[in-house]
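Colleague: Pasting the sequence and the predicted model now:
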Amino acid sequence: MTAEPLQAPVPFWKTTRFEIALDQPQVMGIVNVTPDSFSDGGRHNDPGRALAHAEQLLKDGATLLDIGGESTRPGAPPVPLQEELDRVLPVLRLALKLGVPLSIDTYKPEVMQACLDLGADIINDVWALQKPFANGQSSGVEVVAAHPDCGVCLMHMHLEPQRMQIAPMTGDVVPQVADFLRQRAERLRGLGVACERIVLDYGIGFGKTVAQNFALLARQDELLALGHPLLAGWSRKSSLGSVTGREVPRERVAASVAAHLLAIERGARIVRVHDVRETVDAIKVWQAVVAQQR
């Protein structure tokens with residue numbers, strides 16, 4: 001099957017249980033079930049605390065949640081398959097009762113399959129579905145393509161977490177990132193995955209320099225031209241610390257909100273954030289201004 005060319009980003013994100021409207025920005029709250037994530041590692045790494053955190057994110061205004069059991073910060077070591085399953089599946093079982101779209105942040109096809117079997121709505125993969133099963137027979141592409149409805153977010157990453165910031169990308173990154181994301185989306189669409197199920201993430205902090213990260217934000221229109229909605233993940237990233245002088249991730253809230261608003265203004269439709277309440281408030285102010293321009 002050949003992928004058809006796209007004209008413009010679709011107006012909704014088709015997922016397992018929900019069609020997420022994209023006429024307005026959507027805020028994805030981060031639920032890290034890990035001991036070592038760069039910003040909030042260890043704070044929510046048991047099912048009860050993770051669920052309480054998820055509930056608070058929803059009260060703060062998140063419209064969907066992203067659950068992850070392995071840190072992909074620069075230098076992070078890989079987590080064994082069973083350990084990741086043991087972290088994520090209990091939280092997913094509890095969170096499915098919340099009645100909101102649930103994304104699973106993983107690159108392991110086995111974790112994708114187990115979570116989709118339980119009813120997860122979205123697969124969010126920093127490797128863009130390139131990693132194979134442990135037996136090497138297939139990859140996350142086949143897992144997603146075999147599912148009738150799940151949503152997927154394909155992210156660009158240069159190299160792997162252990163090396164990506166030691167040897168970041170060179171040259172003009174925007175066309176390089178765009179070409180990679182186009183190829184990965186076309187691969188899925190060629191297997192019959194509807195374009196409405198695919199969202200793209202340009203991978204801030206994943207193997208790019210500070211200047212390259214901001215170039216991707218400044219030139220988001222070139223990525224929107226691929227025809228898929230964009231997810232922006234600037235939350236507390238080190239590039240924000242570089243320009244503000246804030247070394248501690250939790251002190252980058254204002255910078256994170258600013259970056260996400262700029263991403264939304266430039267066409268991103270989903271923002272993945274730690275600081276939901278602050279981001280939602282800022283979006284409401286932006287929406288009030290936009291409403292006066294109509």
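Modeller: Received it, and whenever you're ready, just let me know what you need. Here the structure is a predicted model, which means the values were calculated and not measured.

Colleague: Which parts of the stretch 51-200 of the chain are strands?
Modeller: 64-68, 102-105, 122-125, 151-155, 198-201 (DSSP state E, counting those that start in this stretch).

Colleague: Which elements pack onto the second one?
Modeller: To tie it back to what came earlier, the one meant is strand 102-105. Judged by 3 or more CB pairs under 8 Å, 6 or more residues apart in numbering; DSSP states H and E, strand 102-105 is in contact with strand 64-68, helix 81-95, helix 109-118, strand 122-125. Where C-beta positions appear, they are placed from N, C-alpha and C, glycine not excepted.

Colleague: Starting from it, tell me which strands it pairs with and how they run.
Modeller: Strand 102-105 has its sheet partners listed here by DSSP bridges as strand 64-68 (parallel), strand 122-125 (parallel).

Colleague: Run the chain-centre distance for that strand.
Modeller: How far strand 102-105 lies from its chain's middle: 8 Å, per CA atoms, centre = their mean, to the nearest Å.

Colleague: ok, now the last one?
Modeller: Mean-position distance between strand 198-201 and its chain equals 8 Å (CA atoms, centre = their mean).

Colleague: average pLDDT across the next helix or strand after that strand?
Modeller: Counting by DSSP states H and E, the next helix or strand C-terminal to strand 198-201 is helix 210-218. If you average the pLDDT over helix 210-218, you get 97.

Colleague: What lies in contact with helix 210-218?
Modeller: 168-169, 172-174, 177, 202, 204-205, 208, 223, 232, 234, 237, 239, 242-243, 259, 262-263, 266 (CB atoms under 8 Å, 6 or more residues apart in numbering).

Colleague: Repeat the analysis, applying 7 Å as the threshold.
Modeller: 169, 173-174, 177, 202, 204-205, 239, 242, 259, 262-263, 266 (CB atoms under 7 Å, 6 or more residues apart in numbering).

Colleague: among the helices and strands packed on strand 102-105, which is nearest Pro148?
Modeller: Nearest to Pro148 among the helices and strands packed on strand 102-105 is helix 109-118 (10.3 Å), distances taken as CB to CB.

Colleague: mind exporting stretch 125-143 as PDB, just the C-alpha atoms?
Modeller: The C-alpha trace of stretch 125-143 is given here as PDB (Å, rounded to 0.1, in the frame of the first residue of the first chain):
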ATOM      1  CA  ASP A 125       7.700   6.600  21.000                       C
ATOM      2  CA  VAL A 126      11.000   8.600  21.100                       C
ATOM      3  CA  TRP A 127      12.400   6.100  18.600                       C
ATOM      4  CA  ALA A 128       9.500   6.600  16.100                       C
ATOM      5  CA  LEU A 129       8.700   2.800  16.100                       C
ATOM      6  CA  GLN A 130      12.100   1.700  15.000                       C
ATOM      7  CA  LYS A 131      13.000  -0.600  17.800                       C
ATOM      8  CA  PRO A 132      12.400  -4.400  17.300                       C
ATOM      9  CA  PHE A 133      11.000  -7.000  19.600                       C
ATOM     10  CA  ALA A 134      13.600  -8.900  21.600                       C
ATOM     11  CA  ASN A 135      13.400 -11.700  19.100                       C
ATOM     12  CA  GLY A 136      14.200  -9.300  16.300                       C
ATOM     13  CA  GLN A 137      11.200 -10.400  14.200                       C
ATOM     14  CA  SER A 138       9.200  -7.200  14.000                       C
ATOM     15  CA  SER A 139       9.000  -3.800  15.500                       C
ATOM     16  CA  GLY A 140       6.600  -1.200  17.000                       C
ATOM     17  CA  VAL A 141       5.500  -0.300  13.500                       C
ATOM     18  CA  GLU A 142       3.800  -3.700  13.200                       C
ATOM     19  CA  VAL A 143       2.200  -3.400  16.600                       C
END
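
Colleague: For that stretch, buried residues please.
Modeller: Neighbour-count burial for stretch 125-143 flags 125-129, 131, 133, 139-143 (criterion: 16 or more other CB atoms under 10 Å).
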